[in-house]
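Student: Requesting a structural model of the entry that follows:
(2 chains)
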Protein chains: 2
Amino acid sequence: MAIPLPDGLATPVLVVDPDVLDRNISRMAEASRTRGFALRPHAKAHKCVQIADRQLQAGARGLSVATLGEAEAFARAGVDDLFIAYPVWPDADKAQRLRRLADDVALRVGVESVEGAQQLGKAVQGSARPVEVLVEVDSGSRRTGVQPLHAGEVGKAAADAGLNVGGVFTFPGHGYGHDAQARERAARDEERTLGEASQVLRDLGLDVRVVSGGSTPTVGQWQPGAVNELRPGVYVFNDATQLAIGTCGVEDLALCAVATVISVPAADRFVLDLGSKTLGSDRSSWVTGHGYLPQFPQGTVTSLWEHHAVVRLPEGVQGPRLGALVAVVPNHICTPVNLADELVVVRDREVIDRWQVTARGANT
Amino acid sequence: MAIPLPDGLATPVLVVDPDVLDRNISRMAEASRTRGFALRPHAKAHKCVQIADRQLQAGARGLSVATLGEAEAFARAGVDDLFIAYPVWPDADKAQRLRRLADDVALRVGVESVEGAQQLGKAVQGSARPVEVLVEVDSGSRRTGVQPLHAGEVGKAAADAGLNVGGVFTFPGHGYGHDAQARERAARDEERTLGEASQVLRDLGLDVRVVSGGSTPTVGQWQPGAVNELRPGVYVFNDATQLAIGTCGVEDLALCAVATVISVPAADRFVLDLGSKTLGSDRSSWVTGHGYLPQFPQGTVTSLWEHHAVVRLPEGVQGPRLGALVAVVPNHICTPVNLADELVVVRDREVIDRWQVTARGANT
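Tutor: The predicted structure follows:
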């Protein structure tokens, strides 16, 4: 964490510590290599080509993204191997865009319904490069994804539609629990459901080259074998939620929002010029407050408005003065990054770079 | 609400019904005029110059904004009377920007501390037009604002720093409760605290031309006399929270997010390509779900991810097919507008205009 902070930052602003960032990136790359997993980090957590480049240089074989818009933004920035880990519904507009993208990059897309696979096949028919699809499996998140036994129908529809079926993927959203057991259980759910779905596809004679799962919380829980590709995202920065569930330490936090103290209404309370329009308002039920304050680890952001964060301090803790800069590590990093136009890179109290958020708002 | 929706929208996208919008704007303008209040609508709810122009044409005397960045964006777009209803802390960067702005427009700024007033005075010293300040009073939100009896110290410091003290303002954040009594109490709190603070300023010989309060929930609760300026914001669009607390009806909803059905995992459930990165994740504890669905009023958005909204339907209600367009009215309109680059204007199933969000992301 780049603290102490430089003077003169126009607040609120997102600040990155490039050394912690680089360490997080190489550590994940190294762990994946050692344990035999391919790494395809999820770029929705940073949306930034400078960070994507670091991940690719460290050995990632491509990026995962959440939307067609993110894929387009990274393709324009020169990334040529992209997995839209999402069951895109190719209506007229998206069909055209998918086709264009498939001409330019090695494109992989998620599918989870027979109709979706058929539409996708039509959309990218005749593209310069074949489009690979992975069948999405529900491992317990209960959002999108088929139950493993239905993977075959979707895989077959995709193959019949001329798509290159490459395997299966899942997102273990239920692994974001407070206890390590939730993460361990989610990782076992991933292995089991992906394994079952893979078998169903193989029984139909379909190829299963890629078995893809993982998120920052479950990634450390995996046994090599059942799964061969990881898609963690948040690990580049980490956040207050990862800190609370214990998947990172304070020294692994690479991004914070920096704000100015605009009001000190009482000795135990101060207010920052920072709100949900910068920090996001995501908050798991078991997380205390709206972020972690490295300078005031005992402080709690008790309420968050659009442009105000009210911080309470325990008795006896000295608060900051009016006009001081205070860092807040967001609860969930993916939201503030999407709200920012740029990330300010700080080393030794100096602004050394400013990175545009390449795929800011590219959510369609 | 512009439903039925046009075909071929690239989703997720924010759609505005211009007729409902215009009706909401004229109704508020008319009510303010009749009851003798000046209207200075809060532009943070729309951030859009096309909507600001409509408000000004309907009789608003200027705009309220939340940040210096919003003020700059609207000034560039030609609005020349702006109130930054926020205790801006003028550090080096903001001091310069405030001074530039004060040269260009009639500028009013909030102050709530002696030091803040002194800094602001230094920042705008010698500007082409005098800068007016209003002292912020805490009427019960417990974020920024002084207690009424301390308004004098701040007002005096502002006057001593060469600023033009014009009166007092407050934001009744505690009026966003579920019951009408909360709104009524909040309105009475506004009147009482603003009245006390005004008296304190007058006793010091300071001018109190402006007594400013109000938000969409409390605006209808006011008696003329105690307060002479209103700053509601959300009323232009309304949202699922206003619907839930009863300050608007379904026919007054002027904006929705439109999404595509990407998954139908069961008869009672469907998933939309819409998440917190488009809709925002604000949700009061007493609001059911993440938005209101005009086509499925009995449906509930039970979980919201970054790019997925899971909707549950009661037994027997027919859900939409894969690929269908579904509208979701956000819980809190201010967040999605800030996330969007444009608002798509729809009348009679046709896209008739696209409005850039003028002050998108202008949160510094």
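
Student: Kindly report the residues of the stretch 251-364 of chain A close to chain B.
Tutor: Contact residues, the stretch 251-364 of chain A versus chain B (C-beta under 8 Å from any C-beta of the partner chain): A:260-265, A:271, A:273, A:275-278, A:280-282, A:303, A:305-308, A:310, A:322-323, A:334-335, A:338-341, A:361, A:363-364. From N, CA and C alone the C-beta is placed, and that goes for glycine too.

Student: again, only using 6 Å
Tutor: Applying C-beta under 6 Å from any C-beta of the partner chain, we find that the stretch 251-364 of chain A lies next to chain B at A:260, A:262-263, A:271, A:277-278, A:281-282, A:306-308, A:310, A:322-323, A:334, A:338, A:341, A:361, A:363-364.

Student: biggest helix in chain A by residues?
Tutor: For chain A, the longest helix by residue count, based on DSSP state H, is helix A:180-203.

Student: list the buried ones in that one?
Tutor: Neighbour-count burial for helix A:180-203 flags A:182-191, A:193-198, A:200-201 (criterion: 16 or more other C-beta atoms under 10 Å in any protein chain shown).

Student: Can you name every helix or strand that it contacts?
Tutor: helix A:151-160, strand A:164-169, strand A:210-213 (3 or more C-beta pairs under 6 Å, 6 or more residues apart in numbering or on different chains; DSSP states H and E).

Student: And chain B, is the first one touching that?
Tutor: In other words, helix A:151-160. No - Helix A:151-160 is not in contact with chain B by C-beta under 6 Å from any C-beta; minimum separation 11.2 Å.

Student: coming back round to it: quick one: which of the residues of the stretch 251-364 of chain A next to chain B sit in helices?
Tutor: Those of those lying in helices (DSSP H): A:Lys277, A:Thr278, A:Cys334, A:Asn338.

Student: Was I right to think the last one contacts B:Gly275?
Tutor: No - taking C-beta atoms under 6 Å as the definition, A:Asn338 is not a contact partner of B:Gly275, at 10.4 Å.

Student: Share the number of residues neighbouring A:Pro4, please.
Tutor: Around A:Pro4 there are 11 other residues, counting by other C-beta atoms under 10 Å in any protein chain shown.

Student: Over to A:Leu82?
Tutor: As a burial measure, A:Leu82 scores 25 neighbours (other C-beta under 10 Å).

Student: That one and A:Ala71 touch, don't they?
Tutor: Yes - under the contact definition of C-beta under 6 Å, A:Leu82 touches A:Ala71, with a separation of 4.7 Å.

Student: what's near enough to touch A:Ala75?
Tutor: Residues near A:Ala75 by C-beta atoms under 6 Å, 6 or more residues apart in numbering or on different chains: A:Asp104, A:Val105.

Student: Where does it sit: helix, strand or coil?
Tutor: helix (DSSP: H, G, I helix; E, B strand; the rest coil).

Student: For A:Leu243, grab the count of nearby residues.
Tutor: A:Leu243 has 18 neighbouring residues, counting by other C-beta under 10 Å.

Student: show me the contacts for it.
Tutor: If a contact means C-beta under 6 Å, 6+ apart, then A:Leu243 has A:Tyr292 as its contacts.

Student: where does it sit relative to A:Pro297, distance-wise?
Tutor: Distance of A:Leu243 to A:Pro297, given as C-beta to C-beta, to the nearest Å: 10 Å.

Student: Burial check on the closest residue in space to A:Pro41 that isn't next to it in sequence, number of neighbours?
Tutor: Once flanking residues are discounted, A:Pro41 sits nearest to A:Gln55: 4.9 Å by C-beta to C-beta, 6 or more residues apart in numbering or on different chains. Neighbour count for A:Gln55, taken as other C-beta under 10 Å: 24.

Student: Can you give me the distance of A:Gln55 to chain B?
Tutor: Distance, A:Gln55 to chain B, by C-beta to the nearest C-beta, to the nearest Å: 19 Å.

Student: I'd guessed A:Asp282 sits against A:Ile333; true?
Tutor: No - in this structure, A:Asp282 is not within contact of A:Ile333 by C-beta under 6 Å, at 9.4 Å.

Student: Tell me which of these two has more neighbours.
Tutor: Neighbour tally, A:Asp282 and A:Ile333, criterion other C-beta under 10 Å: the higher count belongs to A:Ile333, 29 against 23.

Student: residues touching the more buried one, list them.
Tutor: A:Ala45, A:Val234, A:Phe237, A:Asp239.

Student: before we move on, what about A:Ile352?
Tutor: A:Ile352 makes contact with A:Val345, according to C-beta under 6 Å, 6+ apart.

Student: and the spatially closest residue to A:Glu196 that is not a sequence neighbour, how many neighbours?
Tutor: Closest residue to A:Glu196 apart from its sequence neighbours, by C-beta to C-beta, 6+ apart: A:Pro148 at 3.6 Å. A:Pro148: 23 surrounding residues under other C-beta under 10 Å.

Student: residues touching the closest residue to A:Ala159 other than its chain neighbours, list them.
Tutor: Nearest residue to A:Ala159 in three dimensions, chain neighbours excluded: A:Val165, at 5.1 Å (C-beta to C-beta, 6+ apart). Applying C-beta under 6 Å, 6+ apart to A:Val165 gives the contacts A:Val133, A:Gly155, A:Ala158, A:Ala159, A:Leu206.

Student: Can you flag the buried ones in the residues you listed?
Tutor: Those of the contacts of A:Val165 that meet the buried threshold are A:Val133, A:Gly155, A:Ala158, A:Ala159, A:Leu206, by 16+ other C-beta under 10 Å.

Student: Tell me who's in contact with A:Val111.
Tutor: By C-beta under 6 Å, 6+ apart, the contact list for A:Val111 reads A:Pro87, A:Ala117, A:Val133, A:Val135, A:Val154, A:Ala158.

Student: Got the phi and psi for it?
Tutor: Main-chain torsions, A:Val111, degrees, to the nearest 10: phi -130, psi 150.

Student: first vs last residue of stretch A:270-286, how far apart are they?
Tutor: The straight-line separation of the ends of stretch A:270-286 (C-alpha to C-alpha, to the nearest Å) is 24 Å.

Student: I meant stretch A:62-78, not that one.
Tutor: One end of stretch A:62-78 to the other measures 11 Å (C-alpha to C-alpha).

Student: Buried ones in it, by neighbour count?
Tutor: Buried residues in stretch A:62-78 (16+ other C-beta under 10 Å): A:62-75.

Student: can you check stretch A:273-290 too?
Tutor: Buried, per 16+ other C-beta under 10 Å, within stretch A:273-290: A:273-283, A:287, A:289-290.

Student: Give me the contacts around it.
Tutor: A:11-12, A:178, A:241, A:244, A:257, A:259-260, A:262, A:300-301, A:304-309, A:330-332, A:335-336, A:339, B:281-282, B:338, B:363.

Student: Could you pull out the strands in the stretch 201-350 of chain A for me?
Tutor: A:210-213, A:229-230, A:255-266, A:269-272, A:300-304, A:309-312, A:325-328, A:342-347, A:350-356 (DSSP state E, counting those that start in this stretch).

Student: Could you dump the ones you listed into a markdown table with mean pLDDT added?
Tutor: What follows is the strands of the stretch 201-350 of chain A, written out as a markdown table (pLDDT from 0 to 100):
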| stretch | mean pLDDT |
| --- | --- |
| strand A:210-213 | 95 |
| strand A:229-230 | 94 |
| strand A:255-266 | 97 |
| strand A:269-272 | 98 |
| strand A:300-304 | 97 |
| strand A:309-312 | 98 |
| strand A:325-328 | 98 |
| strand A:342-347 | 98 |
| strand A:350-356 | 97 |
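
Student: Just the pLDDT for A:Asp282.
Tutor: On pLDDT, A:Asp282 comes in at 88.

Student: how about the nearest residue to it, chain neighbours excluded?
Tutor: A:His332 (3.9 Å).

Student: same check, this time on A:Val210
Tutor: Once flanking residues are discounted, A:Val210 sits nearest to A:Gly167: 3.6 Å by C-beta to C-beta, 6+ apart.
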